[in-house]
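Here's a sequence, model it:
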Amino acid sequence: MTEIPAEPPGKPTSASRTTLSHIMTANDTNLLGTVHGGVIMKLVDDAAGAVAGRHSGGPAVTASMDEMAFLAPVRVGDLVHVKAQCNWTGRSSMEIGVRVLAERWNESTPATQVGSAYLVFAAVDADGKPRTVPPVLPETERDERRYQEAQIRRTHRLARRQAIMALREERSARGFDD
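Residues are numbered from 1 along each chain as shown. You can find the predicted model right below:
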């Protein structure tokens, strides 16, 4: 008889929450002289990956970036803080929410939010196959709100994927080769 593995015990949101900080330099700039969006996206992916690995207790890979919003430009000399936490978990997937803040490296003014993102990670084993993740346990009202919003985003992702696949099948059936 095959034994079904038990679901791992849940982990509180705070167990894997992390902050990655980095000072932006001239090497990070685009042609406009501000920090390149791709540099910010890499920091976002790095911080989210750390949270996913910590929450799942092992390797996790980026499955999708649901949304990346750039709210304000980042400049050379800004100290960027990328704050990430696990908002929601499925069987082997996790939604990681990320806030990007920036402040001048040599000033004591408060950091301002310059971006946000939602990424989906999949926990994998040594062979790259999906593995079960512990449920996330929201600890605060804010964590609970993020958990509920993550479920809405997941529903929309799945519905969008299903609608696109149906359209492709319908076009293929009509003889379109695109």
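
Any stretches of the chain with poor pLDDT?
Along the chain, the model assigns pLDDT under 70 to residues 1-7.

ranges for the strands of it?
Applying DSSP state E to the chain gives strands spanning 11-12, 18-23, 60-70, 78-89, 93-104, 112-123, 136-137.

and of those, who's closest to residue 29?
strand 78-89 (11.2 Å; Cβ to Cβ). Heads up, the C-betas are built off the backbone N, CA and C, glycines and all.

so what does that closest one touch, helix or strand wise?
Secondary-structure packing of strand 78-89 (3 or more Cβ pairs under 8 Å, 6 or more residues apart in numbering; DSSP states H and E): strand 18-23, helix 37-56, strand 93-104, strand 136-137, helix 141-173.

Return the list of strands paired to the fourth one, each annotated with direction.
This means strand 136-137. Next to strand 136-137 in the sheet, as set by DSSP bridges, lie strand 11-12 (parallel).

measure residue 100 to residue 118 for me?
Residue 100 is 12 Å from residue 118, where distance means Cβ to Cβ, to the nearest Å.

Between these two, point out the one with more neighbours.
Comparing residue 100 with residue 118 by other Cβ atoms under 10 Å, the one with more neighbours is residue 100, at 28 against 23.

show me the contacts for the nearest residue to that one once chain neighbours are set aside.
Spatial nearest neighbour of residue 100, excluding adjacent residues (Cβ to Cβ, 6 or more residues apart in numbering): residue 115 at 3.6 Å. Residues in contact with residue 115 (Cβ atoms under 8 Å, 6 or more residues apart in numbering) are 40, 44, 68, 69, 70, 71, 72, 99, 100.

Would you agree the last one is in contact with residue 78?
No: using Cβ atoms under 8 Å, residue 100 is not in contact with residue 78; the gap is 10.4 Å.

Overlap of the contact sets of those two?
Common neighbours of residue 100 and residue 78 (Cβ under 8 Å, 6+ apart) do not exist.

measure the residue nearest the centre of the chain to residue 94 for me?
Geometric centre of the chain, nearest residue: residue 119, 2.5 Å, by Cα atoms, centre = their mean. Note on residue 119: its distance to residue 94, by Cβ to Cβ, is 9 Å.

Next: residue 161.
From residue 161 to residue 94 the distance is 18 Å (Cβ to Cβ).

coming back round to it: tell me which of the contacts of residue 115 is nearest to residue 25?
For those, the nearest to residue 25 is residue 40 (13.5 Å; Cβ to Cβ).
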